[in-house]
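A.B. asks: This is a predicted model, with the sequence first.
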Amino acid sequence: MNRRQCIGFAGALALSPLVRATTPDRYSAALAAFPDFNGVVVAGIGSKILYSQAIGKADPQAGTPLSLSTRFESGSVSKWIASIVVMKMVDLGMLELDQPIIRYLPSYRADTGAQITLRHLLSHSSGVPNDIAAARKADPQVATIALEQMEAVKRYASGGLAFKPGTQWDYSHSNWLIVKAIIERVSGRPYADCLQQWLLAPLKLAESGLFQGESSTVPGMAVAYSAAEPPFERKVTAIPAYMTAVGGFYASAPDMLRLMDGVLGGQILSAEARQVLMRVQMPKQRYALGGRTQVELIAGRMREAAWEDGSNGGFRLVARRVLADGQSVVVMNHTSYPHQKVGHIASALMDVSYGFESSTSSKA
């Protein structure tokens, strides 16, 4: 069997004439322009998978093959996932985006807690300095130390504000330590339980969840390397429990497609909450809540899309969904493939979905 043979193709005849004209061979031809890619791709519309393929090894050193059910770290897409949980709690009347966070975390420092809101935290405009990133850089062992959530907030997310909340943008992981603490205190439950009840269970995402420590302990997880070829060198960044809202979410590629459809297609959140989730808060960065909403040239036309990217260690994830019609693509890698090339793959597959002839493949 050809290494690049299509693994899955379904439902095209039930879709639009444009999609009906698309064949697996065209997707495979687009992927052939990236012969060094090791990972899993899925293209679809709504929750319907039109094309899927697993290429290479889940563990290149051990020779374990990839499959569609292989799980990958999502990196910073975890922040979007946490934002979805927050918006579900807004729908349920448990949280408000524009209340001072001191209302939800009375033990947080009063001066800054009276100024910061959840909207600030979710849009990286809080002014809370990225002390957790600085601490991990100074001492990698920080990632192995177990801390209660509020102790982690006290140590790494309670510094003096770098700017007045809402006035600037700064990509601070420390924001998400506070977000997780708020979710847990207000719900009275662990973050993982909230995620399971409000997102994973309703969407039947059996190949998704949270990890802590090294993700290789999760059954069915791809193993991260610096490259897919010898000499094999593991490329791992551990995630402590208090940082799971920062980068601890994992999923298979089909699960990621279903997740985007369930959230953006209406099953999980109210229409108002979906709009708030995807509304750009920081225009220069095109940053909404936990992720980006971008109007970009996609298949020859300017289209508005959810733009979710993540990386951690050797893992790379690009997920796109055109908001108007649900055309989507997910590309997952675990061998440190250049993120720009992962984006090129996503663009090439999206071109095929729209029947657009482009030179995207020449960027490989």
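C.D. replies: Here it is on my side, so go on.

A.B. asks: On the pLDDT front, check residue 67 for me.
C.D. replies: We note a pLDDT of 98 for residue 67 in this prediction.

A.B. asks: So it sits against residue 53, correct?
C.D. replies: No. The pair residue 67 and residue 53 fails to qualify as a contact (Cβ atoms under 8 Å) at a distance of 10.5 Å. The way it works is simple: take the backbone N, C-alpha and C, and place the C-beta from them, glycine included.

A.B. asks: Comparing these two, which residue is more hemmed in?
C.D. replies: Comparing residue 67 with residue 53 by other Cβ atoms under 10 Å, the one with more neighbours is residue 53, at 25 against 12.

A.B. asks: Quick one: classify that one as helix, strand or coil.
C.D. replies: strand (DSSP: H, G, I helix; E, B strand; the rest coil).

A.B. asks: And residue 143, how far from residue 221?
C.D. replies: Using Cβ to Cβ, to the nearest Å, residue 143 is found at 18 Å from residue 221.

A.B. asks: more neighbours, these two?
C.D. replies: Higher neighbour count among residue 143 and residue 221: residue 221, with 22 against 18, using other Cβ under 10 Å.

A.B. asks: Tell me what that one is bridged to.
C.D. replies: Beta-bridge partners of residue 221, counted by DSSP bridges, are residue 71.

A.B. asks: Model confidence for it, exactly?
C.D. replies: Value listed for residue 221 in the pLDDT field: 98.

A.B. asks: same thing with the one 10 residues further on?
C.D. replies: At residue 231, the predicted lDDT confidence score is 94.

A.B. asks: Could you do residue 141 as well?
C.D. replies: Reported pLDDT for residue 141: 89.

A.B. asks: Go ahead and report the secondary structure state at it.
C.D. replies: Per three-state DSSP, residue 141 ends up helix.

A.B. asks: Likewise for the one 5 residues further on?
C.D. replies: When states are read from three-state DSSP, the local structure at residue 146 comes out as coil.

A.B. asks: and it, how many neighbours?
C.D. replies: By other Cβ under 10 Å, neighbour count at residue 146 equals 11.

A.B. asks: was I right about it contacting residue 240?
C.D. replies: Yes. Applying Cβ under 8 Å as the test, residue 146 and residue 240 come out as touching, 6.8 Å apart.

A.B. asks: Please report the distance of residue 41 from residue 349.
C.D. replies: The gap separating residue 41 from residue 349 is 6 Å, by Cβ to Cβ.

A.B. asks: what sits in contact with each of these two?
C.D. replies: 31, 51, 329, 331 (Cβ atoms under 8 Å, 6 or more residues apart in numbering).

A.B. asks: and the strand or helix carrying the third one, what does it pack onto?
C.D. replies: In this structure, residue 329 is located in strand 327-333 according to DSSP states H and E. Helices and strands in packing contact with strand 327-333 are listed as strand 39-45, helix 253-264, strand 315-322, helix 339-353; criterion 3 or more Cβ pairs under 8 Å, 6 or more residues apart in numbering; DSSP states H and E.

A.B. asks: mind running it again at 10 Å?
C.D. replies: Contacts defined by 3 or more Cβ pairs under 10 Å, 6 or more residues apart in numbering; DSSP states H and E place strand 327-333 against strand 39-45, strand 48-55, strand 72-73, strand 249-251, helix 253-264, strand 301-312, strand 315-322, helix 339-353.

A.B. asks: Show me the strands paired with it, marking each as parallel or antiparallel.
C.D. replies: strand 39-45 (antiparallel), strand 315-322 (antiparallel).

A.B. asks: Tell me what angle it forms with helix 339-353.
C.D. replies: 150 degrees (axes from the mean of the first three to the mean of the last three Cα atoms, to 10 degrees).

A.B. asks: Now strand 327-333: average pLDDT?
C.D. replies: 98.

A.B. asks: got the contact list for residue 77?
C.D. replies: Residues in contact with residue 77 (Cβ atoms under 10 Å, 6 or more residues apart in numbering) are 247, 249-251, 256, 259, 290-291, 308-312, 317-319.

A.B. asks: Could you do residue 274 as well?
C.D. replies: Per Cβ under 10 Å, 6+ apart, neighbours of residue 274: 84, 87, 91, 263, 264, 265, 266, 268, 323.

A.B. asks: let's go with 6 Å and repeat that
C.D. replies: Under the criterion of Cβ atoms under 6 Å, 6 or more residues apart in numbering, residue 274 has no neighbours.
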